[in-house]
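Enquirer: return atomic coordinates for the entry below.
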Amino acid sequence: MCVCDGIYTQSWEAHLRNQLPYGEHRVMNWVTSCWCQILPFSLPSFLFLQLWMGTHPRGDAKILDNRISQKTLGQWIAENQDCLGSKVKDTFNGKLPFLFKVLSVETALSIQAHPNKELAEKLHLQAPQHYPDANHKPEIAIALTSFQGLCGFRPVEEIVTFLTKVPEFQFLIGDDAATQLKQSMSCDSQAVASALQSCFSHLMKSEKKVVVEQLNLLVKRISQQVAAGNNMEDICGELLLQLHQQYPGDIGCFAIYFLNLLTLKPGEAMFLEANVPHAYLKGDCVECMACSDNTVRAGLTPKFIDVPTLCEMLSYTPSPSQDRLFPPARSQEDPYLFIYDPPVPDFTVMKMEVPGFVTEYKVLALDSASILLMVQGTVTASTPTAQAAIPLQRGGVLFIGANECVSLKLAVPKDLLMFRACCLL
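Expert: From the prediction side, this is the model:
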């Protein structure tokens, strides 16, 4: 067991490009508030947007433990591979298989998807400067606050309705592709997927000048209707204006008519397997993924975009928004434990909600290394072999070796909220 609070320092340095001037905002976000609480620095002039907890080269955690010489978590695990657990060590070649994050989304993140392993290896070989890993990146996002995102293709009926109500959207798709999609509604899933791919590809490959013209027309029309007191919710008017303000003239603004819009309540989650299009729009979330930083982008971003690859790789399987939710299972052993266990071997996330009247809580031993994040509460952590108890508060991060049982004593009688990333093989 060792404290990894120093991960903040490494994460901040790794994500300076993901800052916003603090003066533009009145409310400090989750990640920045933890930065101020944990680290002995003055109030930052920027809002920080990401906290990385893991061993990825772009954000390898630093260990804060007097018993261990100054090392990153990745360096320490490489020298102590048994801490991973026998199955994890053998399956993932002595490396931590997951990357744990907290995201504070202030402006929309890109329209994107993550490749499967086969495509990840190909992209990494062809363009390592854009695709730094040869690994897939399935991921789960669990809301800490109200969290808004786009995820997966809408049912075809909804997309067809938008084609009727939003002529600018129809114009960019083109009559032939739009007709094909409408006709596919009475066909099999293969025909639907083909028609959906044709429509989405037509949109994303539209000429920039034409996109700007049509988007300006739509923004003007919605703005006039809103000014007149009309509700434009039926065509996602408020969201369209918001995205256009953040990314004026960007083709990604039209993606809202293809993708499901989800608003997660705290504790709700969505799982994003390979090739599922998505974008995070607003809010705070815990995120866990396979240890990879591969992202294929196509809109709502100033970063490198790869429209042909995205359009080719996507899973064109429409589904209702509620189908994108990924509920946790309640543990049979621990009444305060909820388990998010997606159908991938790389990671599982556990949520622990411990009421304040519980004076001591046992974190179950697992045959896997794990990372514990304190979201709410103040405790001291100890193990039978630890020389001294370790204090943890909001934003504290603890690395727990395989088969290690950790005891948490509540320092104050207030409810605890913790998340734990691990690998259950």
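
Enquirer: for the residue nearest to H56 when sequence neighbours are not counted, what is the enclosing helix or strand?
Expert: Distances taken as Cβ to Cβ, 6 or more residues apart in numbering place L99 nearest to H56, at 5.2 Å, with adjacent residues excluded. Bear in mind the C-beta positions are built from the backbone N, C-alpha and C, glycine included. L99 belongs to strand 98-105 when assigned by DSSP states H and E.

Enquirer: which strands and helices lie in contact with the helix or strand that that strand is followed by?
Expert: Tracing the chain past strand 98-105, the next element assigned as helix or strand by DSSP H and E is strand 111-113. For strand 111-113, the packing partners by 3 or more Cβ pairs under 8 Å, 6 or more residues apart in numbering; DSSP states H and E come out as strand 278-290, strand 296-299, helix 307-313.

Enquirer: need the winner for burial among these.
Expert: strand 296-299 (a mean of 25; mean count of other Cβ atoms under 10 Å).

Enquirer: who are the packing partners of that strand?
Expert: Judged by 3+ Cβ pairs under 8 Å, 6+ apart, the packing partners of strand 296-299 are strand 111-113, helix 307-313.

Enquirer: what's the closest of these to D188?
Expert: Nearest of those to D188, taken as Cβ to Cβ: helix 307-313 at 21.3 Å.

Enquirer: next secondary structure after that closest one?
Expert: The C-terminal neighbour of helix 307-313 among helices and strands, as given by DSSP H and E, is strand 329-330.

Enquirer: so what does that next one touch, helix or strand wise?
Expert: Secondary-structure packing of strand 329-330 (3+ Cβ pairs under 8 Å, 6+ apart): strand 337-340.

Enquirer: now find how far off-centre the strand it packs on is within its chain.
Expert: Taking the mean of its C-alpha atoms, strand 337-340 sits 18 Å from the chain's own mean (Cα atoms, centre = their mean, to the nearest Å).

Enquirer: and G149, how far is that from C253?
Expert: Going from G149 to C253 by Cβ to Cβ, to the nearest Å gives 15 Å.

Enquirer: with L241 instead?
Expert: According to Cβ to Cβ, L241 and C253 sit 9 Å apart.

Enquirer: with neighbour numbers in mind, choose between these two.
Expert: For the pair L241 and C253, the greater number of neighbours falls to C253 (27 against 17), based on other Cβ atoms under 10 Å.

Enquirer: right, and the more buried one touches H244 too?
Expert: Yes: with contact defined as Cβ atoms under 8 Å, C253 counts as touching H244 (5.3 Å).

Enquirer: mutual contacts of those two, please.
Expert: L215 (Cβ atoms under 8 Å, 6 or more residues apart in numbering).
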